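Asks: dropping the sequence and predicted coords here.
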Amino acid sequence: TADKIRLIPQDFFAELCEQIIQHLNHKIPGINTAELCQRIQTSGVDINIGDLAKIANILSFLFSTAARNNLSTEELVTTLGSGDSTLPKHAVQVIRHVWNEQGKAIAVSEDASSMVAVGQFVDLKWKLGVAMSSDTCRSLKFPYVTVTLTVADPSGQITDKSFEMTIPQFKNFFRQFKEMASVLETV
């Protein structure tokens, strides 16, 4: 992993670290590694999204563990230097700076470790379509709804989940949302 981190320019690495801290502070729902990876690749660096996601997970674990153990900046940097694979100097400098500036703000609650890790809703997009024909039927004229949910998984990785529904399925989906809304109004 240190070899992959070495490839990432310092400004992109800093942005990744800052996004992770913001995610851990619940200020943003997740880290859009796909978008960041695209920008890193555009800058001429050969890195894939899987490697960047792995680096993001490691950094998230590093920052959350440091917060849980209430580490000072110097303790964190010393801990990083004592491992088997040494991080590139620019990465340690960025981690030191980000932790020094924003790390102490990470909220660590007693219940956080016992909570079930679930994803977080980011966005919902939908569109109505009509299937006009297929190879077995010349005139379908079959309406459907395509829904795309954008979610951040527990580690903060943002992904899109898409699915299609028939009109009766969509009406059931809508009815369930109305039921949730009415229950929420009573709370």
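Replies: Received, thanks.
Asks: state the distance from the residue most central in space within the chain to residue 16.
Replies: The C-alpha lying nearest the average C-alpha coordinate of the chain belongs to residue 157 (CA atoms, centre = their mean; 2.3 Å). Shown here: residue 157 relative to residue 16, a distance of 12 Å by CB to CB, to the nearest Å. Every residue, glycine included, has its C-beta placed from N, CA and C.
Asks: contacts for stretch 88-100?
Replies: The contact list for stretch 88-100 (CB atoms under 8 Å, 6 or more residues apart in numbering) reads 2, 5-6, 8, 10, 13-14, 17-18, 21, 59, 62-63, 66, 73, 76-77, 80-81, 87.
Asks: which parts of it are buried?
Replies: By 16 or more other CB atoms under 10 Å, the buried positions in stretch 88-100 come out as 88, 90-92, 94-96, 98-99.
Asks: check stretch 152-171 too.
Replies: Using 16+ other CB under 10 Å as the test for burial, stretch 152-171 gives 152, 155-158, 165, 170.
Asks: pull the helix or strand with minimum mean pLDDT from the protein.
Replies: Sorting the helices and strands of the chain by mean pLDDT, DSSP states H and E puts helix 73-81 at the bottom, at a mean of 85.
Asks: tell me which stretches of the chain form strands.
Replies: Here the chain has its strands, by DSSP state E, at 120-131, 142-152, 158-166.
Asks: in JSON lines: these, plus distance to residue 35 and mean pLDDT.
Replies: JSON lines is the format used below for those (distance: least, CB to CB, whole Å; pLDDT from 0 to 100):
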{"stretch": "strand 120-131", "distance to residue 35": "12", "mean pLDDT": "87"}
{"stretch": "strand 142-152", "distance to residue 35": "12", "mean pLDDT": "89"}
{"stretch": "strand 158-166", "distance to residue 35": "8", "mean pLDDT": "89"}
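Asks: so which of those strands comes closest to residue 39?
Replies: strand 158-166 (14.4 Å; CB to CB).
Asks: mind checking which of the strands of the chain is nearest residue 183?
Replies: Nearest of these (CB to CB): strand 120-131, 17.0 Å.
Asks: quick one, the closest one and strand 142-152 angle?
Replies: Strand 120-131 runs at 160 degrees relative to strand 142-152, counting by axes from the mean of the first three to the mean of the last three CA atoms, to 10 degrees.
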